[in-house]
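**Q** Fold the stuff below for me.
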Amino acid sequence: MPMMRRARVSDHRTLADCAHRWCGGSPSSAATRGPSSPLPRLYLQFFAGTSLVAEDSTGVKAFLVGFHSADDDEDSFVHFVGVDPALRGRGLGRGLYTAFFERAAEAGRREVRAVVEPGNDGAVAFHRALGFSVVGGDHEVDGVPVHRDYDGPGQDRVCFRRRIGPEGA
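**A** Down below sits the predicted model:
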(Lines give C-alpha, C1' and ligand atoms only; values in the text may rest on other atoms or scores of the structure.)
Protein backbone atom coordinates (compact mmCIF):
# COMPACT_ATOMS: atom_id res chain seq x y z
CA MET A 1 0.00 0.00 0.00
CA PRO A 2 1.38 3.44 -0.85
CA MET A 3 2.60 5.71 1.95
CA MET A 4 1.02 9.14 2.36
CA ARG A 5 3.04 12.31 2.89
CA ARG A 6 2.74 16.06 2.58
CA ALA A 7 3.33 17.41 -0.89
CA ARG A 8 6.44 19.46 -1.70
CA VAL A 9 7.02 22.22 -4.24
CA SER A 10 9.50 19.88 -5.93
CA ASP A 11 6.60 17.47 -6.65
CA HIS A 12 5.07 19.87 -9.16
CA ARG A 13 6.50 18.43 -12.38
CA THR A 14 5.67 14.86 -11.37
CA LEU A 15 2.14 15.67 -10.20
CA ALA A 16 1.41 17.81 -13.27
CA ASP A 17 2.59 14.92 -15.47
CA CYS A 18 0.38 12.48 -13.52
CA ALA A 19 -2.61 14.84 -13.84
CA HIS A 20 -2.04 15.06 -17.58
CA ARG A 21 -1.63 11.29 -18.05
CA TRP A 22 -4.40 10.21 -15.70
CA CYS A 23 -6.99 12.88 -16.50
CA GLY A 24 -5.89 14.36 -19.81
CA GLY A 25 -8.16 12.14 -21.85
CA SER A 26 -11.29 13.95 -20.68
CA PRO A 27 -12.93 15.63 -23.68
CA SER A 28 -14.32 18.38 -21.46
CA SER A 29 -10.86 19.08 -20.04
CA ALA A 30 -9.40 19.62 -23.48
CA ALA A 31 -12.28 21.82 -24.56
CA THR A 32 -12.36 24.02 -21.47
CA ARG A 33 -8.76 24.18 -20.38
CA GLY A 34 -6.94 24.13 -23.66
CA PRO A 35 -3.22 23.50 -23.31
CA SER A 36 -2.95 24.84 -19.74
CA SER A 37 -2.39 22.51 -16.82
CA PRO A 38 -5.14 21.70 -14.30
CA LEU A 39 -2.36 21.92 -11.72
CA PRO A 40 -0.46 25.22 -11.95
CA ARG A 41 2.76 25.42 -9.93
CA LEU A 42 1.29 28.02 -7.59
CA TYR A 43 -0.84 25.36 -5.88
CA LEU A 44 2.26 23.55 -4.67
CA GLN A 45 4.27 26.73 -4.20
CA PHE A 46 1.71 28.07 -1.73
CA PHE A 47 -0.33 25.05 -0.57
CA ALA A 48 2.08 22.10 -0.42
CA GLY A 49 1.59 21.93 3.34
CA THR A 50 -2.12 21.16 2.97
CA SER A 51 -1.71 18.85 -0.04
CA LEU A 52 -0.97 15.12 0.04
CA VAL A 53 0.88 12.55 -2.06
CA ALA A 54 0.50 8.75 -1.92
CA GLU A 55 3.54 6.93 -3.31
CA ASP A 56 5.46 3.70 -3.16
CA SER A 57 8.93 2.71 -4.30
CA THR A 58 7.84 2.94 -7.95
CA GLY A 59 6.47 6.49 -7.72
CA VAL A 60 3.33 8.56 -7.19
CA LYS A 61 0.09 6.58 -7.12
CA ALA A 62 -2.34 9.32 -6.07
CA PHE A 63 -2.40 12.90 -4.82
CA LEU A 64 -4.71 15.57 -3.47
CA VAL A 65 -4.08 19.29 -3.81
CA GLY A 66 -6.12 21.30 -1.34
CA PHE A 67 -5.93 24.38 0.83
CA HIS A 68 -7.60 26.27 3.64
CA SER A 69 -9.48 29.40 2.63
CA ALA A 70 -7.70 32.66 3.39
CA ASP A 71 -11.02 34.53 3.44
CA ASP A 72 -13.27 32.15 5.40
CA ASP A 73 -11.61 30.39 8.31
CA GLU A 74 -14.29 27.69 8.36
CA ASP A 75 -13.70 26.49 4.78
CA SER A 76 -11.16 24.33 3.00
CA PHE A 77 -11.14 23.49 -0.69
CA VAL A 78 -9.94 20.48 -2.68
CA HIS A 79 -8.62 21.74 -6.01
CA PHE A 80 -7.50 18.49 -7.63
CA VAL A 81 -7.39 14.78 -6.86
CA GLY A 82 -5.61 12.32 -9.10
CA VAL A 83 -5.45 8.54 -8.77
CA ASP A 84 -3.58 6.22 -11.11
CA PRO A 85 -6.38 4.67 -13.23
CA ALA A 86 -4.96 1.18 -12.60
CA LEU A 87 -5.50 1.71 -8.86
CA ARG A 88 -8.94 3.32 -8.80
CA GLY A 89 -11.52 1.68 -6.58
CA ARG A 90 -8.92 0.57 -4.01
CA GLY A 91 -9.48 3.37 -1.50
CA LEU A 92 -6.58 5.69 -2.38
CA GLY A 93 -8.80 8.67 -3.19
CA ARG A 94 -10.95 8.06 -0.12
CA GLY A 95 -7.82 7.80 2.04
CA LEU A 96 -6.48 11.11 0.73
CA TYR A 97 -9.81 12.85 1.34
CA THR A 98 -10.10 11.34 4.84
CA ALA A 99 -6.63 12.61 5.74
CA PHE A 100 -7.47 16.04 4.29
CA PHE A 101 -10.74 16.14 6.31
CA GLU A 102 -8.85 15.28 9.50
CA ARG A 103 -6.17 17.91 8.90
CA ALA A 104 -8.73 20.55 7.98
CA ALA A 105 -10.75 19.80 11.13
CA GLU A 106 -7.57 20.02 13.23
CA ALA A 107 -7.01 23.48 11.70
CA GLY A 108 -10.50 24.51 12.86
CA ARG A 109 -12.22 24.17 9.50
CA ARG A 110 -15.83 23.02 9.45
CA GLU A 111 -16.50 22.55 5.75
CA VAL A 112 -14.68 21.22 2.69
CA ARG A 113 -15.68 22.26 -0.80
CA ALA A 114 -14.83 20.79 -4.20
CA VAL A 115 -15.93 21.16 -7.83
CA VAL A 116 -15.98 18.77 -10.79
CA GLU A 117 -16.84 19.10 -14.45
CA PRO A 118 -20.43 18.27 -15.42
CA GLY A 119 -20.71 14.91 -17.11
CA ASN A 120 -17.92 13.41 -15.01
CA ASP A 121 -20.33 10.90 -13.51
CA GLY A 122 -17.60 8.96 -11.72
CA ALA A 123 -16.36 12.05 -9.89
CA VAL A 124 -19.90 13.12 -8.99
CA ALA A 125 -20.67 9.65 -7.59
CA PHE A 126 -17.33 9.54 -5.75
CA HIS A 127 -17.95 12.88 -4.01
CA ARG A 128 -21.49 11.86 -3.06
CA ALA A 129 -20.15 8.56 -1.64
CA LEU A 130 -17.73 10.58 0.50
CA GLY A 131 -20.66 12.47 2.03
CA PHE A 132 -20.51 15.62 -0.09
CA SER A 133 -23.77 17.38 -0.96
CA VAL A 134 -24.30 19.01 -4.34
CA VAL A 135 -24.74 22.77 -4.06
CA GLY A 136 -27.73 24.01 -6.10
CA GLY A 137 -26.78 25.68 -9.37
CA ASP A 138 -28.36 27.79 -12.10
CA HIS A 139 -28.61 24.96 -14.65
CA GLU A 140 -28.85 21.15 -14.77
CA VAL A 141 -26.90 18.56 -16.73
CA ASP A 142 -28.23 15.01 -16.62
CA GLY A 143 -30.28 15.91 -13.52
CA VAL A 144 -27.28 17.32 -11.63
CA PRO A 145 -27.24 21.00 -10.57
CA VAL A 146 -24.50 22.92 -12.36
CA HIS A 147 -23.04 26.43 -11.94
CA ARG A 148 -22.61 27.93 -15.40
CA ASP A 149 -19.32 29.67 -16.20
CA TYR A 150 -18.05 28.90 -12.67
CA ASP A 151 -14.41 28.83 -13.79
CA GLY A 152 -14.85 31.21 -16.72
CA PRO A 153 -16.84 31.26 -19.95
CA GLY A 154 -17.92 27.75 -20.90
CA GLN A 155 -16.32 26.23 -17.79
CA ASP A 156 -19.35 24.99 -15.89
CA ARG A 157 -18.89 23.09 -12.63
CA VAL A 158 -20.80 20.89 -10.21
CA CYS A 159 -20.11 22.32 -6.74
CA PHE A 160 -19.94 20.22 -3.57
CA ARG A 161 -19.73 20.87 0.14
CA ARG A 162 -19.22 18.56 3.11
CA ARG A 163 -19.38 19.38 6.80
CA ILE A 164 -16.43 18.07 8.83
CA GLY A 165 -15.39 18.05 12.45
CA PRO A 166 -17.52 17.01 15.41
CA GLU A 167 -20.89 17.93 13.87
CA GLY A 168 -20.04 16.84 10.32
CA ALA A 169 -18.05 13.64 10.79
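**Q** quick one, strands of the chain?
**A** 3-6, 52-56, 59-68, 75-83, 111-116, 133-135, 139-141, 144-146, 158-163 (DSSP state E).
**Q** now the ones you listed as a markdown table including mean neighbour count and distance to F100?
**A** For the C-beta atoms, the positions are set from N, CA and C on the backbone; glycine is no exception. Putting these into a markdown table (neighbours: other CB atoms under 10 Å; distance: least, CB to CB, whole Å) gives the following:
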| stretch | mean neighbour count | distance to F100 |
| --- | --- | --- |
| strand 3-6 | 13 | 10 |
| strand 52-56 | 19 | 6 |
| strand 59-68 | 22 | 5 |
| strand 75-83 | 22 | 7 |
| strand 111-116 | 21 | 7 |
| strand 133-135 | 14 | 17 |
| strand 139-141 | 13 | 27 |
| strand 144-146 | 17 | 23 |
| strand 158-163 | 19 | 11 |
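**Q** Could you point out which of the ones you listed sits nearest W22?
**A** Judged by CB to CB, the one of those that comes nearest to W22 is strand 75-83, at 5.1 Å.
**Q** sorry, back to before: mind putting the strands of the chain into JSON lines with distance to H20 and mean pLDDT?
**A** Formatted as JSON lines, those follow (distance: least, CB to CB, whole Å; pLDDT from 0 to 100):
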{"stretch": "strand 3-6", "distance to H20": "22", "mean pLDDT": "97"}
{"stretch": "strand 52-56", "distance to H20": "16", "mean pLDDT": "97"}
{"stretch": "strand 59-68", "distance to H20": "13", "mean pLDDT": "97"}
{"stretch": "strand 75-83", "distance to H20": "10", "mean pLDDT": "96"}
{"stretch": "strand 111-116", "distance to H20": "17", "mean pLDDT": "97"}
{"stretch": "strand 133-135", "distance to H20": "27", "mean pLDDT": "97"}
{"stretch": "strand 139-141", "distance to H20": "25", "mean pLDDT": "93"}
{"stretch": "strand 144-146", "distance to H20": "25", "mean pLDDT": "96"}
{"stretch": "strand 158-163", "distance to H20": "22", "mean pLDDT": "98"}
